[in-house]
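S.K.: any chance you could fold what I've pasted below:
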Amino acid sequence: MNTQVTNTNKFADVPIRVRSWGIIIIILSIGLLHPLLTLLFVGSMSARALHEYFRIIDLKTNSLSYLCYPAVLLLLSTGYLNNYKLFVVSIPLYAIILSAITHLRYKNRLLSKNILTGIILCTFPIGHLLFIRYFNIETNPWFGIKVVLFILVTTQLNDVFQYLSGKLFGKKQIVPKISPNKTQEGLLGGILLSIILANSLGPFLLTGYNIIQYTFLGLIISTLGFAGDVYLSSIKRDAGVKDFGSLIPGHGGLLDRIDSLTFVLPVCYILLNTLL
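M.R.: Presented below is the predicted three-dimensional model:
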């Protein structure tokens, strides 16, 4: 009797998560319809991510937080121009300059570090989504959308695979001090199923590659997704909060939902830009 109750409670949040996924899919579909919609979608995500990050480090109402939002304008400007080189230089440079000024003004290394981390974390990975959307946009407007879908579906289902594998088989904690619910069984289950998924979706969304390349992409997405999840969990642990926010029922804040994309998007952009 007790075992049945425990197993039921393990999946008590699944219906809420599924409903939220339905809303996420609708919003994402609208955001990918046109490059300008994608630009606004990514810019909104970046601004919301900054808001959530500043909330957990108690900087939301500080005037310093407002000086970070121009980084979103840099993202929108470089995205509109489709100038990746300018994007990859301007945002980190702005973050470094503002962080340095903060350190000189307040003599506070932690505050300076938080400013630097917040700007890069909340604009740089998300911005890559926009430039992936632009892949071959002149010759094949749908190609970039397919690449985005391949990365997002594989990454997000990897989260689901790891979650379910951990719930069903998880016994050995992998990072107990950062995220007690992460298990070796969950990680391995996510990697295996993500590789299968990448090989299943690849021939439809990323044509022209072989099983080795699809397997490699599946492995990279799964392991980097896990790393991104753990990294943002460490930020929450240091801040003493469970979630970045409550925007998405069953998931937490926006950053809680896209944490696994932190390393996946930049690395996949580089890999696919090299392969394409």
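S.K.: have a look at this structure and report the helix or strand with the lowest mean pLDDT.
M.R.: The helix or strand of the chain with the lowest confidence, counting by mean pLDDT, DSSP states H and E, is helix 2-10 at a mean of 50.
S.K.: what is the following helix or strand past that helix packed up against?
M.R.: Next along the chain after helix 2-10, taking DSSP states H and E as the criterion, comes helix 14-31. Secondary-structure packing of helix 14-31 (3 or more CB pairs under 8 Å, 6 or more residues apart in numbering; DSSP states H and E): helix 35-56. Glycine gets a C-beta too; all of them are placed from N, C-alpha and C.
S.K.: what's next to the helix it packs on, contact-wise?
M.R.: 27-28, 30-32, 60, 62, 65, 68-69, 71-72, 75-76, 79-80, 117-119, 121-123, 126-127, 129-130, 133-134, 137, 235-236, 239, 241, 244-245, 247, 253-255, 258 (CB atoms under 8 Å, 6 or more residues apart in numbering).
S.K.: same check on stretch 120-130?
M.R.: For stretch 120-130, the surrounding residues in contact (CB under 8 Å, 6+ apart) are 38-39, 42, 45-46, 49-50, 53, 71-72, 74-75, 78-79, 87, 91-92, 95, 148, 255, 258, 261-266, 268-269.
S.K.: any idea of the mean pLDDT for that stretch?
M.R.: Taken as a whole, stretch 120-130 has a mean pLDDT of 96.
S.K.: can I get the CA coordinates of that stretch in PDB?
M.R.: The C-alpha trace of stretch 120-130 is given here as PDB (Å, rounded to 0.1, in the frame of the first residue of the first chain):
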ATOM      1  CA  ILE A 120      26.100  36.300 -20.400                       C
ATOM      2  CA  LEU A 121      23.900  33.600 -19.000                       C
ATOM      3  CA  CYS A 122      20.600  35.300 -20.000                       C
ATOM      4  CA  THR A 123      21.500  36.600 -23.400                       C
ATOM      5  CA  PHE A 124      24.400  34.600 -24.900                       C
ATOM      6  CA  PRO A 125      22.900  31.100 -25.000                       C
ATOM      7  CA  ILE A 126      19.400  32.200 -25.900                       C
ATOM      8  CA  GLY A 127      20.800  34.400 -28.700                       C
ATOM      9  CA  HIS A 128      22.200  31.400 -30.500                       C
ATOM     10  CA  LEU A 129      18.700  30.200 -31.000                       C
ATOM     11  CA  LEU A 130      18.100  33.100 -33.300                       C
END
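S.K.: and stretch 24-31, what's buried?
M.R.: residue 31 (16 or more other CB atoms under 10 Å).
S.K.: list the contacts of it.
M.R.: With contact meaning CB under 8 Å, 6+ apart, stretch 24-31 is reached by 37, 38, 40, 41, 42, 152, 248, 257.
S.K.: PyMOL command to pick out the buried ones of these?
M.R.: To isolate the buried members of those in PyMOL, using 16+ other CB under 10 Å:
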select buried, resi 38+41+42+152+248+257
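S.K.: any idea which of the contacts of stretch 24-31 the model trusts least?
M.R.: On pLDDT alone, residue 248 ranks lowest of those, at 81.
S.K.: what sits against the residue lying closest to it once chain neighbours are set aside?
M.R.: Among residues not flanking residue 248 along the chain, residue 20 sits closest, at 5.1 Å (CB to CB, 6 or more residues apart in numbering). Residue 20 is in contact with 248, 249, 250, 251, counting by CB under 8 Å, 6+ apart.
S.K.: looking at the residues you listed, spot the one nearest residue 178.
M.R.: For the contacts of residue 20, the residue nearest residue 178 by CB to CB is residue 251; the value is 18.5 Å.
S.K.: how near is the closest residue to that closest one other than its chain neighbours to residue 136?
M.R.: Sequence neighbours aside, residue 257 is the residue nearest to residue 251 in space, at 4.8 Å (criterion: CB to CB, 6+ apart). Look at residue 257 and residue 136: by CB to CB, to the nearest Å, they are 28 Å apart.
S.K.: then residue 58?
M.R.: On the measure of CB to CB, residue 58 and residue 136 end up 44 Å apart.
S.K.: which one's more surrounded, these two?
M.R.: residue 136 (13 against 10; other CB atoms under 10 Å).
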